[in-house]
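Novice: coords please:
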Amino acid sequence: MSVEMAVAGAVVLGALITWLQTKIKLRVTRADGKTSFDFELQKDQTDNSVIKDVTNSVKSLLIGG
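Specialist: Numbering: from 1, shown residues only. From the prediction side, this is the model:
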């Protein structure tokens, strides 16, 4: 496997981990004929074990172990 494919895989894994940890809240309220929107994004901190697992996976792809 080429280095470019391993790096691309690492980027995809990082994006997937980030997306799965993102919470989206959307609230629509209507009062007096007016509509208001509240939009909130929250991302929890990534657990150290997840980062370590992803790092080890990328390392094994690059080294071939």
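Novice: Check what contacts stretch 45-56 and list those residues.
Specialist: The list of residues contacting stretch 45-56 from outside it, by C-beta atoms under 8 Å, 6 or more residues apart in numbering, reads A10, L13, G14, I17, T18, Q21. C-beta coordinates here come from the backbone N, C-alpha and C atoms, glycine included.
Novice: quick one: K59 from I24, how far?
Specialist: For K59, the distance to I24 equals 33 Å [C-beta to C-beta, to the nearest Å].
Novice: between those two, who's got more neighbours?
Specialist: The residue with more neighbours, out of K59 and I24, is K59; 13 against 8, by other C-beta atoms under 10 Å.
Novice: Which residue ranges of the protein form helices?
Specialist: Taking DSSP state H as the criterion, the chain carries its helices at 3-20, 48-63.
Novice: Tell me which residues of the shortest one come out buried.
Specialist: So the one you mean is helix 48-63. For helix 48-63, the neighbour count (16 or more other C-beta atoms under 10 Å) marks V54, V58, L61 as buried.
Novice: same question for that helix, mean pLDDT?
Specialist: The average pLDDT within helix 48-63 is 76.
Novice: For the residue nearest to the spatial centre of the chain, give me its contacts.
Specialist: Centroid-nearest residue in the chain, with C-alpha atoms, centre = their mean: T18, separated by 1.1 Å. Residues counted as contacts of T18 (C-beta under 8 Å, 6+ apart) are K43, T46.
Novice: Need the pLDDT of it.
Specialist: With respect to pLDDT, T18 has a value of 76.
Novice: K43 versus that one, what's the distance?
Specialist: Using C-beta to C-beta, we find T18 at a distance of 7 Å from K43.
Novice: Next up, the contacts around G33.
Specialist: Applying C-beta under 8 Å, 6+ apart, we find G33 in contact with no residue.
Novice: No further queries at this time; thank you.
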